[in-house]
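could you work out the structure for the sequence below:
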Amino acid sequence: MFLIRTTLILVYCLIFVGGLVRSTGSGMGCPDWPKCFDMWIPPLYEYQLPHDYQEIYKDRGYQDTQFNAAKTWTEYLNRLLGAVTGIVMLVATMASFKYWRRKRKVTLFCTGALLLTITEGALGAKVVFSHLAPYLVTMHLLLAFVIVALLILALYHSKNSTESYTISFRTRICWGLCMGLTILQVILGAQVREGIEHVSSLSELGYVLEFHQIIGFLIFACNSFLVYQIVGEADKKSPLMVRVYGLWCVILLEIACGIGMVQLGMPALIQPVHLLFAAIIFGVQVDIGVRV
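Numbering: from 1, shown residues only. Model prediction:
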């Protein structure tokens, strides 16, 4: 269980760092994969590169791009964290086979997460080779969310006693709607982030940003109703209460973060925090769903 929890934390860290790579424009900091400028340890200074590196990597958009050590190392550290996460997940999956006879789901969920992590790595390479194709970047992000869900399910089923609560059908429908809205919001958020690179002001994003803001309001309203319903139907002293109140608090932080980004002109350091909050909201929703 410790390994699964550690892997989950690493995946959340990876989502944050991946968001940082995107927000700082470091996605092409390393023009090749898995090496970086054909090196296992990236350069710190331009003189460490071949004099004609711009010509060598011109098909990767380096024709008129100057080497930037900060972007290169941001991207490379993202890859290193991904490799560490993959290794820990492999160990966690191997350890999960001790549950095979009595809690087979733990092994199946861990194995699924491991396979998707391998796929995620291959997709990351494809993202680099495609020059950050928007649809691949979005798929890369959504796959990370699926991995989060599988790890949470594995963690839940690995416990000696699993909590279960009976709630009404209406509350279950509300939970499903909340999940759907969260996934839709993540996709829209990726489109907003993509659009930022092609406009001079946020007002030029038009309906994409407006729709993103409307869905944000619906998420707040729907999840508030979900919290209200569960509080009215479940035991007030149950661990589930911590999760539903925590969900509501993180949503408030997410909204505040979103408003702050718009007001401050989408600062690069707040964007990955915004993404991390979205991933936490999704994870808590999955955790609530498996218990009810």
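
relative to the whole chain's centre, how far out is the helix or strand where residue 290 lies?
Assigned by DSSP states H and E, residue 290 falls within helix 270-291. Offset of helix 270-291 from its chain centre (C-alpha atoms, centre = their mean, to the nearest Å): 8 Å.

quick check: mean pLDDT across that helix?
Across helix 270-291, the average pLDDT comes to 92.

could you do stretch 215-223 as well?
On average, stretch 215-223 scores 92.

circling back: by contact count, what packs against the helix holding residue 290?
helix 2-23, helix 134-157, helix 169-196, helix 207-233, helix 239-264 (3 or more C-beta pairs under 8 Å, 6 or more residues apart in numbering; DSSP states H and E). Where you see a C-beta, it was placed from the backbone N, CA and C, and this is true even at glycine.

list the buried ones in the last one?
Buried residues in helix 239-264, defined by neighbour count with 16 or more other C-beta atoms under 10 Å: 240, 243-244, 246-248, 250-251, 254-255, 257-258, 261.

so how many other residues sit close to residue 159?
11 (other C-beta atoms under 10 Å).

right, and residue 10 touches residue 83 too?
No. Contact status for residue 10 versus residue 83: not in contact, 10.7 Å apart, counting by C-beta atoms under 8 Å.

gap between residue 195 and residue 258?
Between residue 195 and residue 258 the distance is 15 Å, computed by C-beta to C-beta, to the nearest Å.

for stretch 173-184, list the C-alpha coordinates in PDB.
Extracted C-alpha coordinates of stretch 173-184, given in PDB (Å, rounded to 0.1, in the frame of the first residue of the first chain):
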ATOM      1  CA  ILE A 173     -26.200  10.700 -11.000                       C
ATOM      2  CA  CYS A 174     -24.800  13.900  -9.600                       C
ATOM      3  CA  TRP A 175     -21.400  12.300  -9.000                       C
ATOM      4  CA  GLY A 176     -21.300  11.000 -12.500                       C
ATOM      5  CA  LEU A 177     -22.100  14.500 -13.800                       C
ATOM      6  CA  CYS A 178     -19.400  16.000 -11.700                       C
ATOM      7  CA  MET A 179     -16.900  13.600 -13.100                       C
ATOM      8  CA  GLY A 180     -17.900  14.300 -16.600                       C
ATOM      9  CA  LEU A 181     -17.700  18.100 -16.100                       C
ATOM     10  CA  THR A 182     -14.200  17.700 -14.600                       C
ATOM     11  CA  ILE A 183     -12.900  15.800 -17.600                       C
ATOM     12  CA  LEU A 184     -14.600  18.200 -20.000                       C
END
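
ok, residues contacting that stretch?
Stretch 173-184 is contacted by residues 142, 145, 215, 218-219, 222-223, 225-226, 229, 278, 281-282, 285-286, 288-289, 292 when judged by C-beta atoms under 8 Å, 6 or more residues apart in numbering.

residue 95 against residue 1, yeah?
No. Using C-beta under 8 Å, residue 95 is not in contact with residue 1, being 9.4 Å away.

next SSE downstream of the least confident helix or strand in the chain by mean pLDDT?
Ranked by mean pLDDT, DSSP states H and E, the helix or strand of the chain with the weakest confidence is helix 53-56, at a mean of 85. Downstream of helix 53-56, the next assigned helix or strand under DSSP H and E is helix 69-96.

what packs against that following helix?
Packing partners of helix 69-96 (3+ C-beta pairs under 8 Å, 6+ apart): helix 2-23, helix 104-129.

tell me the mean pLDDT for it?
92.

and if you look at stretch 238-252?
Mean pLDDT, stretch 238-252: 88.

starting at the chain centroid, how far to that stretch?
Distance, centroid of stretch 238-252 to centroid of chain: 20 Å (C-alpha atoms, centre = their mean).

tell me the angle the helix holding residue 290 makes with helix 134-157.
Helix 270-291 runs at 40 degrees relative to helix 134-157, counting by axes from the mean of the first three to the mean of the last three C-alpha atoms, to 10 degrees.

re the thing from before, just say which of the helices and strands packed on helix 69-96 is most tucked in.
Of the helices and strands packed on helix 69-96, the one with the most neighbours on average (mean count of other C-beta atoms under 10 Å) is helix 2-23, at a mean of 20.

show residues contacting the least confident helix or strand of the chain.
With contacts defined as C-beta under 8 Å, 6+ apart, helix 53-56 is touched by 37, 50, 62-65, 67.

report the buried residues of that helix.
Buried residues in helix 53-56, counted by 16+ other C-beta under 10 Å: 53, 56.
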